[in-house]
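Q: I'd like to go over a predicted model; first the sequence, then the structure.
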Amino acid sequence: MLLPRAPLLRWPLRCSLHHPPARCLMELRALVSALGDFASLSLAESWDNVGLLVEPSPPHTVNTLFLTNDLTEEVMEEAVQRKAELVLSYHPPIFAPLKRVTWQTWKERLVVRALEHRVGIYSPHTAYDAVPHGVNAWLAKGLGACTCVPLRPSAAPSQPAEGTHRVEFCVGSTERLDTLLSKIRGIQEISCLTTLPARVEGEEQTRVTLSCSQKALLEVVALLSQNSLLYHRTEILLLQKPLLPHTGMGRLCTLSEPVSLSDVMGRIKSHLKLPHIRLALGTGKALESPVKKVALCAGSGSSVLKGTEADLYLTGEMSHHDVLDAVANGISVILCEHSNTERGFLSELREALAVHLQNKINIIVSEKDRDPLQVV
């Protein structure tokens, strides 16, 4: 007796029947796009090297995303053993350009091992410093109840799309307008050139608007200055990109209630899970001195913190002379070593990415990753 054939079950995204969403696969490019949505790489510093740094030949699918603060050779072997298809390394393992990929240096060997085992490498670095839910926001949680603002706010990356200045002027003569527009179009780095009818002092004229770079602005002004009346009626506006709320480098944190420096130190040690930190007391300050404002920057914070008025600077490392400057200005300094102010964020990142990626892939944190410096 023939039994009717059971209908075929179809499951999306290659998910295992026995392991729902956490065992799905994502195409590498789709995952990289999703990581960019989580923290736009446009927020990274201009000097940084962020994004997908090593890409295995396509197609490449990812089941396990491996998080680390620093990608050392030991950590890379851990990623291989744990069968990761993509490593997210907060610090970019490739920074200075590589002239060759051999077995001679440890960074070259990282690339070789990654490609041999078809492991991609992605780095967000300072993009994660800038976002509201990033490394600096996590570091600030160690202070207790406080309100924070970026020390160096980030501007919206896409506005204005082109040009640093906008130039507007009105022309009455059609013949003069045609000649002028012809010359303007010959200038490099001019964009958004528009003309609209306008009435100026009862006279029908044409309003010309254009966007241009700083370099092109000099040529436009030189051209318009050939007609004194036209030049004096020209308006030049500086195009400033709007600032993004709660986004940028570093944080200036105002505690809800002043606490002693000694208490702040205890909170930081607890948050970073460190038995020891380094302290430089500001001139005239003591462990019992109240702390109300803390300027912080994960990693190496000298350039971001310098000149900020605060009771305390908190960062991973600062130069000797920058510490001396802060102390002379009555500002105490706490140093925790570079990556100790960053690494703890990875656990929070794992949870945030799991939600963002809808649990489509496994996300694990390195157990070998650690700061190279220790107190002995």
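A: All right, it came through fine.

Q: and the residue most central in space within the chain, how far is that from Asn49?
A: Taking CA atoms, centre = their mean, the centroid of the chain lies closest to Ala127, which sits 1.3 Å from it. Here Ala127 is placed at a distance of 11 Å from Asn49 (CB to CB, to the nearest Å). For the C-beta atoms, the positions are set from N, CA and C on the backbone; glycine is no exception.

Q: can you give me the end-to-end distance of stretch 123-137?
A: Distance between the boundary residues of stretch 123-137 (CA to CA, to the nearest Å) amounts to 19 Å.

Q: cool, and stretch 353-370?
A: End-to-end span of stretch 353-370 (CA to CA): 21 Å.

Q: tell me how far that stretch lies from the chain's centre.
A: Relative to the centre of its chain, stretch 353-370 is centred 19 Å away, using CA atoms, centre = their mean, to the nearest Å.

Q: show me where the stretch 101-250 of the chain has its helices.
A: Remark: helices assigned in the stretch 101-250 of the chain by DSSP state H, counting those that start in this stretch are 106-116, 126-130, 135-140, 174-185, 214-224, 228-232.

Q: contacts for the helix or strand bottoming out on mean pLDDT in the chain, please.
A: Ranking every helix and strand in the chain by mean pLDDT, DSSP states H and E puts helix 228-232 at the bottom, with a mean of 82. The contact list for helix 228-232 (CB atoms under 8 Å, 6 or more residues apart in numbering) reads Phe169, Val171, Val221, Leu224, Ser225.

Q: follow-up on the earlier one: so which of the helices of the stretch 101-250 of the chain is nearest Glu351?
A: Nearest to Glu351, of all those, is helix 135-140, at 11.5 Å by CB to CB.

Q: and the average pLDDT for the closest one is what?
A: Mean per-residue pLDDT for helix 135-140: 98.

Q: which strands or helices does it pack on?
A: helix 126-130, strand 146-149, strand 251-260, strand 290-300, helix 345-356 (3 or more CB pairs under 8 Å, 6 or more residues apart in numbering; DSSP states H and E).

Q: make JSON lines from the ones you listed and add distance to Asn63 and mean pLDDT to it.
A: Below are the helices and strands packed on helix 135-140 laid out as JSON lines (distance: least, CB to CB, whole Å; pLDDT from 0 to 100):
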{"stretch": "helix 126-130", "distance to Asn63": "23", "mean pLDDT": "98"}
{"stretch": "strand 146-149", "distance to Asn63": "37", "mean pLDDT": "97"}
{"stretch": "strand 251-260", "distance to Asn63": "36", "mean pLDDT": "98"}
{"stretch": "strand 290-300", "distance to Asn63": "30", "mean pLDDT": "98"}
{"stretch": "helix 345-356", "distance to Asn63": "14", "mean pLDDT": "97"}
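
Q: just name the most buried of those.
A: helix 126-130 (a mean of 26; mean count of other CB atoms under 10 Å).

Q: about what we covered before: and the helices of the stretch 101-250 of the chain, which is most packed in?
A: With neighbours defined as mean count of other CB under 10 Å, the helices of the stretch 101-250 of the chain peak in mean count at helix 126-130, which reaches a mean of 26.

Q: many thanks, I have nothing further to ask.
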